[in-house]
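Q: here is a sequence with its predicted model. Questions after.
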Amino acid sequence: MLKITLPDGSVREVAPGTTPADIAAAIGPGLAKAAIAARVDGELRDIGRPLEEDAHLALVTAKDEADALELARHDFAHVLAEAVQALFPGTQITFGPATEDGFYYDFAPKDRPFTEEDLPAIEAEMRKIIAADKPLQREVIDRDTLIAQWEAAGETFKAQWAAELPQGEELTVYHSGAPGSEGSWYDMCRGPHLASTGKLDPQAFRLTRVSGAYWRGDQKNAMLSRIYGTGWLNKKQLADHLTRIEEAGKRDHRKLGAEMDLFHLQQEAHGSVFWHPKGYVIWRNLEAYMRRAIDEAGYREVKTPQVMDARQWEQSGHWGKYRENMFVIPDEVPNVEDEGPLVSDDADWMALKPMNCPAHVLIFRQGIKSYRDLPLRFYENGCCHRNEPHGALHGLMRVRQFTQDDAHIFCREDQIVEEVRAFCALADRIYKDFGFTYSIKLALRPEKRFGTEEMWDKAEEELRNAVAAAGLNTPDYGWEELPGEGAFYAPKLEWHLTDAIGRTWQVGTIQSDRVLPERLDASYIGEDGERHRPVMLHRAIFGSYERFIGILIEHYAGKFPLWLAPVQAVVATIVSDADDYAKATVDRLRAAGIRAELDTRNEKINYKVREHSLAKVPNLLVVGRREADEGTVALRELGKDGQSVLSLDDVIARLEKEASPPDMR
């Protein structure tokens, strides 16, 4: 008999071959109906997979939402593939994983690429498969047998993938319908899956789009058709998601950036932003805000070169890790005398910096440093370049040229916890100034890394202790440890911001690094008169100005708080008789430090109101003959109905107060 330990500590003795579904039924009919999968010694498994040895068992229900969503989305992907092959015979299948909010599947169509016009028919076929409530059955299969089956079926992509798996590895397929029965279908998959297709809600998914995708992500390989979908546990979750997507579309920073005349991008500078005057107002205010914060926190601002010798990047380790993402430059005068190569084969190489850290180490190394000098906090609004693929670029969110609010703290080991705790407090204050809530995560050592295990043990524990000292290692702050997700040189704390519509953005980080000071020979003289290595804390709060501004545009839906708004007020006339008063009003606003513009065009006032509302101007001051005679304005605030007639003095006093940055109030 097998001994199965349940979460409450009780132990049940069952015969080999008993399934988690059997145990759920033995506990009670309610649990038997609710259980959709099981965790066996922590591993997520099918509810109907037999138990083979003593184990700890936890039954999974829809209340375990993360597990339930992953199972449902994986099943939706399989149902999608089955539906496509039913409708388009000869289509080859490849892979179809669950994603953060849904699923996709890559296909090799027989005749033509799929289009979005195909999606309604595919959705209808998927609902038929779900309604058929076909059992999803796992089968262990011999590798060579499976390869032969795929080849016989004309599934060359599946056969290729199976052939690359190691000899002797246990391979599994999942059957939709009893194996060999009419209408049965199968796919190679590790699982797990729900018990049957009928466990899916047919109204809880939507196919969303079609795109091209290369086989195995390599542009040298065949082009496939990728069909995306979103999948949920029930109709309400889907509806909520679609509402969020609609709202996100309205907030798209690329759309609002154009409407508000903030920035643009174009092919002549792939991945680099052309900031317009209004957009650069936002940038400058953020920069000034951050400078005040870092000055108060004891940082020293520096400026380092854009281009450095490749040997420096080799020594730091970045050449080996980031070479494919670096822009390299030959260190010689280009050939202009004949039609030969522009650059000789023996040119030395330099590179545009993809990050600022090695340059900050070189500043630290200038002159002898004492233990009394530490901590040293170097800050830079550092412009960096990374050679991102064209297809990966996305507005302000992923660019090739970006400016980091970057800083590196060189400190002694006994100073680490306090420095990280102080940074946590600084980040907390800044994110709250922008109206964000956040969660904090600890990304632990990756498989490929520099440094000794002792270094990593120390660094990870120091970050844990600092978060505890800051009081942030609690469920309220979403504290979580992420195995394998650290940088190659250091573990890191990550700040995941939640915006106004519930999306999360990973923005700020701090990393505890002992590797780079060693590789670049940074040292200080300790109290004992000997040389010691400093610990280097890499940290950023905005992450990059470009991406942070993109996040802010979407977070505020373009309706920036007054201190950040590119135009804080527009004075608009109703009649030309008020033009002189309107000009004088703008002069007074500007004298008070308010970013104000004048609109005396010969247009109806309703047209002006609508136009400035679309441009997200926070305050519209409407003036006519009466306002000119009485020294008043009719104030219309963005997002509010109606208007208030106030004295110009009162409006200026109000706007002066509201336009003050949050750290200066």
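A: Okay, I see it. Numbers count the residues shown, from 1 in each chain.
Q: so for the nearest residue to Asp405 once chain neighbours are set aside, what's the pLDDT?
A: Nearest in space to Asp405, with sequence neighbours left out and distances taken as CB to CB, 6 or more residues apart in numbering, is Phe542 at 4.4 Å. (C-beta placed from N, C-alpha, C; glycine too.) Confidence at Phe542, expressed as pLDDT, is 97.
Q: wait, what's in contact with Phe542?
A: Applying CB atoms under 8 Å, 6 or more residues apart in numbering, we find Phe542 in contact with 286, 290, 404-405, 507-508, 548.
Q: and it, which of the three is it?
A: On the three-state scheme (DSSP: H, G, I helix; E, B strand; the rest coil), Phe542 is labelled coil.
Q: now it. Its backbone dihedrals?
A: Here the main-chain torsion angles of Phe542 (degrees, to the nearest 10) amount to phi -70, psi -30.
Q: in the contacts of Phe542, find the pair that's most separated.
A: For the contacts of Phe542, the farthest-apart pair by CB to CB is Leu286 and Gly508; their separation is 14.0 Å.
Q: restrict stretch 219-232 to CA atoms and write it as CSV.
A: Taking only C-alpha atoms (Å, rounded to 0.1, in the frame of the first residue of the first chain), the coordinates of stretch 219-232 have been written out as CSV:
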residue,chain,number,x,y,z
GLN,A,219,14.8,33.5,-39.1
LYS,A,220,16.8,31.0,-41.1
ASN,A,221,14.0,28.5,-40.6
ALA,A,222,10.5,28.1,-42.1
MET,A,223,7.9,30.8,-41.5
LEU,A,224,4.9,29.6,-39.6
SER,A,225,1.5,31.0,-38.8
ARG,A,226,1.0,31.8,-35.1
ILE,A,227,-2.6,32.1,-33.8
TYR,A,228,-2.9,33.9,-30.4
GLY,A,229,-5.8,33.6,-28.0
THR,A,230,-6.7,34.7,-24.5
GLY,A,231,-8.2,32.1,-22.2
TRP,A,232,-9.7,32.3,-18.7
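Q: what residues sit buried inside it?
A: Neighbour-count burial for stretch 219-232, counted by 16 or more other CB atoms under 10 Å, picks out 224-232.
Q: go through those and flag which are in strands.
A: Within those, membership in strands is found for 224-231, as judged by DSSP state E.
Q: please convert these to a markdown table, extending it with pLDDT.
A: What follows is those, written out as a markdown table (pLDDT from 0 to 100):
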| residue | pLDDT |
| --- | --- |
| Leu224 | 95 |
| Ser225 | 95 |
| Arg226 | 95 |
| Ile227 | 97 |
| Tyr228 | 96 |
| Gly229 | 96 |
| Thr230 | 97 |
| Gly231 | 97 |
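Q: got a markdown table for those residues, with distance to Ala163 too?
A: Converted to a markdown table, these look like this (distance: CB to CB, whole Å):
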| residue | distance to Ala163 |
| --- | --- |
| Leu224 | 19 |
| Ser225 | 23 |
| Arg226 | 23 |
| Ile227 | 26 |
| Tyr228 | 28 |
| Gly229 | 29 |
| Thr230 | 33 |
| Gly231 | 31 |
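Q: do I have it right that Thr504 meets Thr498?
A: Yes - taking contacts as CB atoms under 8 Å, Thr504 lies within contact range of Thr498: 5.5 Å.
Q: got the angle for the lengthiest helix in the chain vs strand 223-231?
A: Longest helix of the chain, by residue count under DSSP state H: helix 65-87. On the basis of axes from the mean of the first three to the mean of the last three CA atoms, to 10 degrees, helix 65-87 is oriented at 130 degrees to strand 223-231.
Q: other residues contacting the following helix or strand past helix 65-87?
A: Counting by DSSP states H and E, the next helix or strand C-terminal to helix 65-87 is strand 92-93. The list of residues contacting strand 92-93 from outside it, by CB under 8 Å, 6+ apart, reads 81, 84-85, 105, 107-108, 110, 154-158, 187.
Q: in its sheet, what does strand 92-93 sit against?
A: In the sheet, strand 92-93 lines up against strand 102-108 (antiparallel) (DSSP bridges).
Q: out of the contacts of Phe542, which one sits closest to Ala148?
A: Looking at the contacts of Phe542 and their distance to Ala148, the nearest is Val507, at 50.6 Å (CB to CB).
Q: number of nearby residues for the closest one?
A: The number of residues packed near Val507 is 21, by other CB atoms under 10 Å.
Q: quick one: the helices in the stretch 201-350 of the chain?
A: For the stretch 201-350 of the chain, the helices identified by DSSP state H, counting those that start in this stretch occupy 235-251, 253-259, 277-296, 310-316, 318-322, in order along the chain.
Q: mind checking those helices for the one nearest to Arg138?
A: Arg138 lies closest, by CB to CB, to one member of the helices of the stretch 201-350 of the chain: helix 235-251, at 27.0 Å.
Q: buried sites along the closest one?
A: By neighbour count on 16+ other CB under 10 Å, the buried set for helix 235-251 is 237-238, 241, 251.
Q: for stretch 583-602, same thing?
A: Residues of stretch 583-602 classed as buried by neighbour count (16+ other CB under 10 Å): 585-586, 588-589, 594-600.
Q: the contacts of Phe542 into a markdown table, with extra columns for distance to Asp41?
A: A markdown table is the format used below for the contacts of Phe542 (distance: CB to CB, whole Å):
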| residue | distance to Asp41 |
| --- | --- |
| Leu286 | 49 |
| Met290 | 48 |
| Gln404 | 43 |
| Asp405 | 44 |
| Val507 | 36 |
| Gly508 | 36 |
| Phe548 | 43 |
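Q: of all those, which comes closest to Gly320?
A: Here the nearest of the contacts of Phe542 to Gly320, counting by CB to CB, is Gln404; it sits at 21.7 Å.
Q: wait, doesn't the closest one sit right on Arg539?
A: No - taking contact to mean CB under 8 Å, the distance of 10.2 Å between Gln404 and Arg539 leaves them out of contact.
Q: between those two, tell me which one has more neighbours.
A: More neighbours surround Arg539 than the other of Gln404 and Arg539, with 24 against 20 (other CB under 10 Å).
Q: isn't there a helix covering the more buried one?
A: No - when classified by three-state DSSP, Arg539 is found to be strand rather than part of a helix.
Q: quick one: low-confidence parts of the stretch 401-550 of the chain?
A: Flagging of the stretch 401-550 of the chain using pLDDT under 70 yields an empty set of residue ranges.
Q: do a quick rundown of the strands in it.
A: Shown for the stretch 401-550 of the chain, the strands assigned by DSSP state E, counting those that start in this stretch span residues 401-411, 437-443, 480-482, 492-498, 504-513, 524-525, 531-532, 535-540.
Q: pLDDT below threshold where in this protein?
A: The chain contains no residues with pLDDT under 70.
Q: name the residue most distant from the centre of it?
A: Relative to the mean C-alpha coordinate of the chain, counting by CA atoms, centre = their mean, the farthest residue is Asp629 (54.3 Å).
Q: my guess is it is in a helix, correct?
A: Yes - counting by three-state DSSP, Asp629 is found in a helix.
Q: roughly how far does it sit from Arg429?
A: 47 Å (CB to CB, to the nearest Å).
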